[in-house]
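**Student:** sequence first, predicted model second:
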2 protein chains.
Amino acid sequence: MKYKLILEYFGANFHGWQKQKNLRTVQGVLEETLSKIYNKNIFVQGASRTDSGVHAYGQVATFLPPNFSLKPEKLKKALNSLLPWDIKVKKIEMVPISFNPVKDSKAKYYIYKIYNMDYLSPFYYKRAYLVKRTINIFHFEKILKVFIGKKDFAAFCDKEIKEKKDTVRMLFDIFVDKSEENIIDIHFLGESFLRYQIRRIVGTALACYFNKISLNDILKAFQTKETLPYSVPGEGLYLMKVFYKDLDQK
Amino acid sequence: MKYKLILEYFGANFHGWQKQKNLRTVQGVLEETLSKIYNKNIFVQGASRTDSGVHAYGQVATFLPPNFSLKPEKLKKALNSLLPWDIKVKKIEMVPISFNPVKDSKAKYYIYKIYNMDYLSPFYYKRAYLVKRTINIFHFEKILKVFIGKKDFAAFCDKEIKEKKDTVRMLFDIFVDKSEENIIDIHFLGESFLRYQIRRIVGTALACYFNKISLNDILKAFQTKETLPYSVPGEGLYLMKVFYKDLDQK
């Protein structure tokens, strides 16, 4: 067996998930804290490599402890008392050693938050992306629907990744609603996502909504695979949940 | 005429509302910014002297500009672009010069937020007070109802104020609900409040809920006016709205 953690973190002060020398990352802080608890180097594997600034309500990570003297509830307490304020453990459970948080994931659910007002509320600083011009969510959603389906997202991801990787991804659904009066939530449900994919989709959809490009330009970019230059900041993005069962079994 | 501002601020990095030498305060930052805009010293009067750490969604303040060359919408834009991220202007309107934000106030509405879980979510750091033991809001509300009415709150306010001021206050209503699964919101509606009054009421109600004191101890404190030693941090407190019309005219 090994441990599976469900994590919540406020991403603004992290250089993303992945460990990097001399930079504060979620993986780095977690491994450091676990290594203190077990007095041994611990390696943590995360389900999703969230970028700089990106938040999580439901990141998943696993690690193999040197022993099982600390039961999940005790370990959760120990971790939460040692971790800094911006990362906390929601839940710990035991899973088979064969469980792989990346490969076994069936779907991921993200929200991108837009603050739609003439100023950014102090309560949403680094928590949402300010768009001052009014957005009608029904019209906006129509544009976003173009991105649903199994498609080659080469034009809508990190340029480096575009050259190295297969860029075909299955995007199950995108829908838009309002969690508060001035907050537009864009929900993304996909099998997996490419680096910058959601931020580039949102940026491109906004460019289209405000008539900088046409819907046709988007369709064309899918064919030509030529990167469109629109993106939005990581601070509006939240990893909500990683699914390990097929969605219809949920 | 003069200007009436409605302000939103995240209180964690302010030493409260009131201007103090060498300390960052809301009044201080506002006056400094307005003085830059008008190139003249500006004095701002606030409706409520919120304490260190206390947040506001609807603080009210007034000031007399040296001239009216900047119309409300323009001034709001200028202010919001110059003010730091943790204080923003929601609305500006013209009011008669006789309008006094303190004396003309008919009621104030505050919320105290409790995060009721075994750990504090990173998204509520400095935004709510963590209580780990489960609170049943129906039972908790029953205790809080004891504080409603026109009473002498001498036992439930700042000790210094207790000696100087009339401590009788009218508390119209207190009720409790949940805005999210783990968040308990305690709503306070009163004519006006004494310094620390809400924090001491919440702290005392919690002490009673967890059987450190009895309901009778609270009733006795009202009579003896002897300070009870319970309080909760300012970071859970939000000034929601200041009312200038009678509530039944709303």
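**Tutor:** Cool, got the structure. Numbers count the residues shown, from 1 in each chain, chains lettered A, B, ... in the order given.
**Student:** drop to CA atoms for contacts and neighbour counts, all remaining ones
**Tutor:** Will do.
**Student:** and chain A, what are its domains?
**Tutor:** Domain assignment for chain A by automatic domain parsing gives A:2-95, A:107-245.
**Student:** residues near A:Y238, how many?
**Tutor:** Taking other Cα atoms under 10 Å in any protein chain shown as the criterion, the count of residues near A:Y238 is 27.
**Student:** and it, which of the three is it?
**Tutor:** Under DSSP: H, G, I helix; E, B strand; the rest coil, A:Y238 falls in the strand class.
**Student:** just the pLDDT for the residue lying closest to it once chain neighbours are set aside.
**Tutor:** Nearest non-adjacent residue to A:Y238, counting by Cα to Cα, 6 or more residues apart in numbering or on different chains: A:H55, 4.6 Å away. pLDDT for A:H55: 98.
**Student:** what is the least confident helix or strand in chain A?
**Tutor:** helix A:159-164 (a mean of 79; mean pLDDT, DSSP states H and E).
**Student:** dump the domains of chain A to a markdown table, plus distance to B:T25.
**Tutor:** Formatted as a markdown table, the domains of chain A follow (distance: least, Cα to Cα, whole Å):
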| stretch | distance to B:T25 |
| --- | --- |
| domain A:2-95 | 24 |
| domain A:107-245 | 15 |
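**Student:** tell me the secondary structure for A:T227?
**Tutor:** The local conformation at A:T227, judged by three-state DSSP, is coil.
**Student:** the closest residue in space to it that isn't next to it in sequence: how many residues sit nearby?
**Tutor:** Spatial nearest neighbour of A:T227, chain neighbours left out: A:A155 (4.0 Å); criterion: Cα to Cα, 6+ apart. As a burial measure, A:A155 scores 23 neighbours (other Cα under 10 Å).
**Student:** which SS class is A:A155?
**Tutor:** What three-state DSSP gives for A:A155 is helix.
**Student:** look up how far A:F222 lies from it.
**Tutor:** Going from A:A155 to A:F222 by Cα to Cα, to the nearest Å gives 6 Å.
**Student:** spell out which residues of chain A are next to chain B.
**Tutor:** Contact residues (Cα under 8 Å from any Cα of the partner chain) of chain A with chain B: A:8-10, A:80, A:85-88, A:119-123, A:125.
**Student:** out of the residues you listed, who's nearest B:K74?
**Tutor:** Top of the list for closeness to B:K74, among the residues of chain A next to chain B and by Cα to Cα, is A:Y119 at 13.1 Å.
**Student:** that closest one touches A:L130, doesn't it?
**Tutor:** Yes. The criterion here is Cα atoms under 8 Å, and A:Y119 meets it with A:L130 at 7.2 Å.
**Student:** these two: which has the busier surroundings?
**Tutor:** Counting neighbours by other Cα under 10 Å for A:Y119 and for A:L130 shows that A:L130 has the greater number, 23 against 18.
**Student:** from A:R127, how far off is the closest residue to A:Y129 other than its chain neighbours?
**Tutor:** Leaving aside its chain neighbours, A:Y129 sits nearest to A:I114 (4.7 Å; criterion: Cα to Cα, 6+ apart). Per Cα to Cα, A:I114 is found 9 Å from A:R127.
**Student:** tell me which element A:K142 falls in.
**Tutor:** Element membership of A:K142, judged by DSSP states H and E, is helix A:137-144.
**Student:** which parts of that helix are buried?
**Tutor:** By neighbour count on 16 or more other Cα atoms under 10 Å in any protein chain shown, the buried set for helix A:137-144 is A:F140, A:E141, A:I143, A:L144.
**Student:** tell me how far that helix lies from the chain's centre.
**Tutor:** 21 Å (Cα atoms, centre = their mean, to the nearest Å).
**Student:** returning to that earlier point: out of the buried residues of helix A:137-144, which is nearest to A:N39?
**Tutor:** A:L144 (48.4 Å).
**Student:** grab the nearest non-local neighbour of that closest one.
**Tutor:** A:A205 (6.0 Å).
**Student:** SS state for that neighbour?
**Tutor:** Following three-state DSSP, the label given to A:A205 is helix.
**Student:** tell me how many other residues surround it.
**Tutor:** Using other Cα under 10 Å, A:A205 has 27 other residues around it.
**Student:** just A:T134 next, same as before
**Tutor:** Each residue near A:T134 was counted by other Cα under 10 Å, and the total is 11.
**Student:** got the phi/psi numbers for it?
**Tutor:** When read as degrees, to the nearest 10, the backbone of A:T134 gives phi -60, psi 130.
**Student:** OK, contacts around the spatially closest residue to it that is not a sequence neighbour?
**Tutor:** What sits nearest to A:T134 in space, not counting adjacent residues and going by Cα to Cα, 6+ apart, is A:N116, at 6.4 Å. Neighbour list for A:N116: A:L130, A:V131, A:K132, A:R133, A:T134, A:I135, A:N182, A:I183, A:I184 [criterion: Cα atoms under 8 Å, 6 or more residues apart in numbering or on different chains].
**Student:** could you export these as TSV, including secondary structure?
**Tutor:** Shown next, in TSV, are these (three-state DSSP):
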residue	secondary structure
A:L130	strand
A:V131	strand
A:K132	coil
A:R133	coil
A:T134	coil
A:I135	coil
A:N182	coil
A:I183	strand
A:I184	strand
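**Student:** just the buried subset of those, written out for PyMOL, thanks.
**Tutor:** Buried residues within those, by 16+ other Cα under 10 Å, are selected in PyMOL with:
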select buried, chain A and resi 130+131+135+182+183+184
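**Student:** just the helices in chain A please.
**Tutor:** Per DSSP state H, chain A carries helices over the ranges A:26-38, A:72-82, A:137-144, A:159-164, A:197-209, A:215-224.
**Student:** give me the buried positions along the shortest one.
**Tutor:** Which is helix A:159-164. Applying 16+ other Cα under 10 Å to helix A:159-164 flags A:K162 as buried.
**Student:** now for the residue of chain A most remote from its centre: which residues touch it?
**Tutor:** Among the C-alpha atoms of chain A, the one most distant from their mean position (Cα atoms, centre = their mean) is that of A:S69, at 32.4 Å. Residues near A:S69 by Cα under 8 Å, 6+ apart: none.
**Student:** over to it: give its phi and psi.
**Tutor:** In terms of degrees, to the nearest 10, the main-chain angles of A:S69 are phi -70, psi -30.
**Student:** check what pLDDT it gets.
**Tutor:** 93.
**Student:** can you point me to the longest strand in chain A?
**Tutor:** strand A:168-180 (DSSP state E).
**Student:** partner strands of that one, with direction?
**Tutor:** Sheet pairing of strand A:168-180 (DSSP bridges) gives strand A:149-152 (antiparallel), strand A:183-190 (antiparallel).
**Student:** and those, which is most packed in?
**Tutor:** strand A:183-190 (a mean of 21; mean count of other Cα atoms under 10 Å in any protein chain shown).
**Student:** what pLDDT, on average, does that one get?
**Tutor:** Per-residue scores along strand A:183-190 average to 98.
**Student:** and for stretch A:193-203?
**Tutor:** For stretch A:193-203, the mean pLDDT works out to 97.
**Student:** kindly check the end-to-end length of stretch A:6-19 for me.
**Tutor:** Chord length of stretch A:6-19, first to last residue, is 18 Å (Cα to Cα).
**Student:** so which bits of that stretch are buried?
**Tutor:** If you call a residue buried by 16+ other Cα under 10 Å, then stretch A:6-19 has these buried ones: A:6-12, A:14-19.
**Student:** now do stretch A:219-228
**Tutor:** By neighbour count with 16+ other Cα under 10 Å, stretch A:219-228 contains the buried residues A:A221, A:F222, A:K225, A:T227, A:L228.
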